[in-house]
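1. Sequence first, then the predicted structure:
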Amino acid sequence: MVKAILRFVACCRTAGYRVSTSEVLDCISQLELVDLLDEAGFRAVLRANFAKSRREQAHFDQLYHLFFHELRQDISLDELDPLSDKMDKVLEKLQEKANGNRSHRAILDFLSGNPLAFLEMMRRIQTEQIDMGQGRKFNLGPLSSRLEVMVQLNDVRDEIDRFLSDNPLHFAAGTRRDLASRFNEQLENAFALLLREPRPHNDGLRQVKTHDQYLRQLGERPFTSLTQKELEQMREIIDKLVRKLKDVVSRRYATNKRGILDVKKTLRRADRYQGVPMEIRFRKRPPRKGKIVTLCDISSSVWAAARFMLNILYSLQECFTKVNSFVFVSGLAEVTDIFETEEINHAIEKVLKEVAIDYQAPTDYGETLRHFKRDYMDLLNKKTTLIIIGDARSNYFHPEDRILGEMREKCRRLIWLNPEPEQIWNTGDSEMFSYKPHCHELRQCRNLNQLIDFVEELIL
């Protein structure tokens, strides 16, 4: 035990830790108070004595793992490794052929469980300074040192393979396979140390997110998990989107008011000026705006998503010829006038409290579609985009998907936004796959970012 601790202390000193003799004695005396089979307690004692700061602790953990796990140090706590003696015999034979090469011997010592020389070599390479006196701006010196060690590691690997293949120690075939596997594992650890770049550890670093980054991350949160404060912050995202889309639409229609180039009239006018097109003529075309009809399920399970969608559509009414808004639970109620005359927050509150609809009734999509067919089917034409927001959970009532097919035939596009995860569509009382064949577009819309993507595609 003491011998293994002293070897570990030597490795720590080689790696750059300042470990005094008194700290080593304190560590050994403290180890008598812990259960050595409890690795967490054993590592905590070593860490408390040898790692002086939080920066050193991260590097200490790497060194501990290397010494006691990757190098398989035997500290007499359990049975001896049966391959240990055989590995030592192989390495003794290879040491005789090292011919004084320091890198070669350091690698062989590393494989035998003594990493001091190899760690010292790694420390020298990692702290090697670039010679700026020659005006070089590349690290050729440190790179050549690493390449030299890499060549030595490959040479050692080849030597071990040849030695085990020749088998002068007359090991069994299974033993040679096990030895080859163990040596390869140790060499991979050496390669990892060679290629590892030292980085200063800063556990207390605080990376500050910008406000836009925070809003983008907030936009990934499902509607149902947002707090009241986050709902207010969502309003800022919606306002930015609305301003952007209104600017785009206003520029588009301002251009359309001028019309498109009329080549024939322009050339005829050019005759007056000896063929020079001094007067550019345009064909007058009125701006074209689409119509929107929305059916929003406002039952408790989907109202959060419907509220955000209605919030955006309310703000974008000038982008369309007409926006007809309907809400439903079991029956259907038109709220177009409310959204046209009330401020958005008052409009939402009014929809929730004053609309003639039974909010406590079980959701019935079939009854909603029958009601729409009876009273509002004439709103749909080839300029209309029909948007349905809901989870399609109809409490096992008849889905009336045939009526949805008739609505598809009358409108330009039929888009369904479902606020539930796609994995649970068509489970329980969901009729999503009954409605799916009648939709032009079917989207999962669980958070604001997905909703914004949809609205941008709809408008732009």
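-> That came in fine, so what should we check first? Since the model is a prediction, treat every value here as computed from it, not as a measurement. Numbering: from 1, shown residues only.

2. And the helices in the stretch 1-150 of the chain, which stretches?
-> Under the criterion DSSP state H, counting those that start in this stretch, helices of the stretch 1-150 of the chain are mapped to 2-14, 21-31, 39-50, 54-65, 84-95, 102-111, 116-126, 140-166.

3. Just the buried positions in the fourth one, please.
-> Spelled out, it's helix 54-65. Glu56, His59, Phe60, Leu63, Tyr64 (16 or more other CB atoms under 10 Å). The C-beta positions use only the backbone N, C-alpha and C, and glycine is treated the same way.

4. Does the first one touch Tyr17 like I think?
-> Right, the one you point to is Glu56. Yes. Counting by CB atoms under 8 Å, Glu56 touches Tyr17, with 6.7 Å between them.

5. okay, and for the stretch 351-460 of the chain, where does confidence drop off?
-> Applying pLDDT under 70 to the stretch 351-460 of the chain flags the ranges 460.

6. the strands in it, which residues?
-> 384-389, 413-418, 441-444 (DSSP state E, counting those that start in this stretch).

7. residues in contact with Val351?
-> Residues in contact with Val351 (CB atoms under 8 Å, 6 or more residues apart in numbering) are Ile298, Leu310, Val327, Val335, Ile338.

8. What helix or strand is the second one located in?
-> Put plainly, it is Leu310. helix 303-315 (DSSP states H and E).

9. Which positions within that helix qualify as buried?
-> Result for helix 303-315 [16+ other CB under 10 Å]: buried residues 303-315.

10. about what we covered before: now, the contacts of Val351 that are in strands?
-> Val327 (DSSP state E).

11. In the contacts of Val351, which residue is surrounded by the most others?
-> Val327 (26 neighbours; other CB atoms under 10 Å).

12. how far away is that residue from Gln444?
-> According to CB to CB, to the nearest Å, Val327 stands 21 Å off from Gln444.

13. And for Val329?
-> For Val329, the distance to Gln444 - CB to CB - is 22 Å.

14. Neighbour count: these two, which is higher?
-> The neighbour count for Val329 versus Gln444, taken as other CB under 10 Å, is higher for Val329 (21 against 14).

15. how long is stretch 378-385 from one end to the other?
-> 13 Å (CA to CA, to the nearest Å).

16. Which helix or strand in this structure has the lowest average pLDDT?
-> When each helix and strand of the chain is scored by mean pLDDT, DSSP states H and E, helix 228-258 comes last, with a mean of 70.

17. Following element in sequence after it, please.
-> strand 260-261.

18. Identify each buried residue in stretch 407-424, please.
-> Met407, Arg408, Cys411, Leu414, Ile415, Trp416, Leu417, Asn418, Pro419, Glu420.

19. quick one: the first one from Glu441, how far?
-> Pointing back at Met407 there. Distance from Met407 to Glu441, by CB to CB: 14 Å.

20. now the third one
-> The spacing between Cys411 and Glu441, counted by CB to CB, is 12 Å.

21. Then the last one?
-> For Glu420, the distance to Glu441 equals 16 Å [CB to CB].

22. Now name the helix or strand holding Glu220.
-> Counting by DSSP H and E, Glu220 is part of no helix or strand.

23. Spit out the contact partners of it.
-> Asn447, Asn449.

24. ditto for the one 4 residues further on
-> Residues counted as contacts of Thr224 (CB under 8 Å, 6+ apart) are Ala304, Pro419.

25. Next: Phe183.
-> Met87, Val90, Leu111, Arg157, Ile160.

26. One more pass at 7 Å, please.
-> Leu111, Ile160 (CB atoms under 7 Å, 6 or more residues apart in numbering).

27. oh, and call the first residue 562 from now on, that's how I've got it
-> Will do, 562 is the new start, and the previous item becomes Phe744.

28. That one belongs to a helix, doesn't it?
-> Yes. The assignment for Phe744 is a helix, going by DSSP: H, G, I helix; E, B strand; the rest coil.

29. separation between it and Leu652?
-> Counting by CB to CB - Phe744 and Leu652 are separated by 9 Å.

30. still on that earlier bit, looking at the contacts of Val912, which is nearest Leu704?
-> Leu871 (62.0 Å; CB to CB).

31. any residues touching stretch 896-910, and which ones?
-> For stretch 896-910, with CB under 7 Å, 6+ apart as the criterion, the contacting residues are Arg868, Asn872, Tyr875, Ser876, Asn885, Ser886, Phe887, Val888, Lys911, Val912, Val916.

32. Dump that stretch to CSV, keeping only the CA atoms.
-> Below are the C-alpha coordinates for stretch 896-910, written out as CSV (Å, rounded to 0.1, in the frame of the first residue of the first chain):
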residue,chain,number,x,y,z
VAL,A,896,-65.1,35.3,-32.7
THR,A,897,-64.1,37.4,-35.7
ASP,A,898,-65.8,40.5,-34.5
ILE,A,899,-64.1,40.3,-31.1
PHE,A,900,-60.7,40.1,-32.7
GLU,A,901,-61.4,42.9,-35.1
THR,A,902,-62.7,45.3,-32.4
GLU,A,903,-60.9,44.5,-29.2
GLU,A,904,-57.3,44.7,-28.1
ILE,A,905,-55.6,41.3,-28.2
ASN,A,906,-55.5,40.6,-24.4
HIS,A,907,-59.1,41.9,-23.9
ALA,A,908,-60.1,39.8,-26.9
ILE,A,909,-58.7,36.6,-25.5
GLU,A,910,-60.3,37.3,-22.1
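
33. and the buried residues of helix 615-626 as a markdown table, adding pLDDT and distance to Glu928?
-> As requested, these are exported to a markdown table (pLDDT from 0 to 100; distance: CB to CB, whole Å):
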| residue | pLDDT | distance to Glu928 |
| --- | --- | --- |
| Glu617 | 72 | 70 |
| His620 | 71 | 68 |
| Phe621 | 77 | 69 |
| Leu624 | 75 | 71 |
| Tyr625 | 78 | 68 |
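
34. Secondary structure class of Leu856, three-state.
-> Going by three-state DSSP: Leu856 is strand.

35. From the structure, what's the count of residues near it?
-> 23.

36. show me what contacts it?
-> Applying CB under 7 Å, 6+ apart to Leu856 gives the contacts Phe887, Phe889, Thr929, Ile949.

37. If it is in a bridge, with which residues?
-> Counting by DSSP bridges, Leu856 forms beta bridges with Phe887, Ile949.

38. Check for me that Gln778 belongs to a helix.
-> Yes. Gln778 forms part of a helix when assessed by three-state DSSP.

39. and the gap between it and Leu704?
-> Applying CB to CB to Gln778 and Leu704 gives a distance of 40 Å.

40. same deal with Arg868?
-> For Arg868, the distance to Leu704 - CB to CB - is 60 Å.

41. cool, and Ala734?
-> Counting by CB to CB, the gap from Ala734 to Leu704 is 41 Å.

42. Check Ser583 too.
-> 41 Å.

43. just Ser726 next, same as before
-> Counting by CB to CB, the gap from Ser726 to Leu704 is 33 Å.
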